[in-house]
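Student: sequence and predicted structure are below.
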Amino acid sequence: PAHIGFGSRASVVLSALGLACRLSGIDVDERVLCKVSGRGGTSSIGMSVFVGHGGLLSDPGRIYVGRRVFLPSSSSVPPEEPVFARCGSFPATWRVLLFLPRGRRLSGVAEAKFFAESTPMRSSDVRDAVAASDWFARSVGAVDIHEAALALARISSTGFKRLEIANQPAVVGDAVRFLAEGSRLPVGMSSVGPLVYAIYRTASDDLQVLRRLGAEAELLCIGEADVSEGDGCGCLLGSK
């Protein structure tokens, strides 16, 4: 489904452009497709996945001097040249389990309104969110899933991600907390939600624990993802 946190809009737009070029016999570099797609005004994750980046992707953000109105990618003007995410490794033994609570989809005017009403944030909130994201990246690099769980819990409770979770029905935030507290694993909400993800280790009973907790909470489990570096699947954990 669209508008639940999969990042499908960028995938569909870029794939359609690529298909049109191929059917027309036009050989166009993927980065050129990214430039003309109109995507990437706020987040470059979708474009970065499209050009073949995988693993853990970190968006470098945008600098708009004097600007105090912040909008989602669908409502933002992209920079003249595409900005691509930084690519890091993701542990080969880690996977992501996806759950879909009964939340709300946010897009178009409603999403733009939410961004406008929620920003700008206090500088202290921004610093806390950046520090939490850096903490998570270091934990992934060290293949320390317990430290990653603490960092991701911090991401969920500060900055714009806290507002995104609070904007969803209570069942979504409750699901994030229930899964995280019950499993002691990294759990969060993708983008503005309501998609919830949990990171687990393949050589353990993590998956069984998460499935049991999901069943207890009556959460719809919609699949598993391998986000190993280079397989064209990015791991998007933060907020726009």
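Tutor: Cool, the structure landed. Numbering: from 1, shown residues only.

Student: and the nearest residue in space to S107 that is not next to it in sequence, which of the three is it?
Tutor: Spatially, and ignoring its direct neighbours in sequence, S107 is nearest to H3 (4.2 Å; Cβ to Cβ, 6 or more residues apart in numbering). For the C-beta atoms, the positions are set from N, CA and C on the backbone; glycine is no exception. Following DSSP: H, G, I helix; E, B strand; the rest coil, H3 is assigned to coil.

Student: which residues does H3 contact?
Tutor: Taking Cβ atoms under 8 Å, 6 or more residues apart in numbering as the contact definition, H3 lies against 9, 105-107.

Student: let's see 7 Å
Tutor: Residues in contact with H3 (Cβ atoms under 7 Å, 6 or more residues apart in numbering) are 105-107.

Student: and the gap between it and L106?
Tutor: Counting by Cβ to Cβ, to the nearest Å, the gap from H3 to L106 is 7 Å.

Student: likewise P169?
Tutor: From P169 over to L106 the distance is 12 Å, taken as Cβ to Cβ.

Student: okay, these two: which has more neighbours?
Tutor: L106 (22 against 13; other Cβ atoms under 10 Å).

Student: that one against V192, yeah?
Tutor: Yes. Between L106 and V192 there is a contact under Cβ atoms under 7 Å: 4.8 Å.

Student: what's the longest helix anywhere in the chain in contact with?
Tutor: When the chain is scanned for its longest helix (criterion: DSSP state H), the result is helix 123-141. The contact list for helix 123-141, computed with Cβ under 7 Å, 6+ apart, reads 56, 58, 88, 90-91, 147-148, 151-152, 154-155, 158-161, 237-238.

Student: mind running it again at 8 Å?
Tutor: If you take Cβ under 8 Å, 6+ apart as the criterion, helix 123-141 is touched by 56, 58, 88-91, 145, 147-148, 150-152, 154-155, 158-161, 186, 237-239.

Student: how about stretch 157-170?
Tutor: 101-104, 106, 114, 118-119, 121, 125-126, 128-130, 132, 155-156, 172-173, 176, 188-189, 191-194, 238-240.

Student: with stretch 104-121 instead?
Tutor: 1-4, 68-72, 74-75, 159-160, 163, 167-169, 192-194, 240.

Student: and stretch 150-168, which residues are buried?
Tutor: In terms of neighbour count (16 or more other Cβ atoms under 10 Å), stretch 150-168 has its buried residues at 150-156, 158-165, 167-168.
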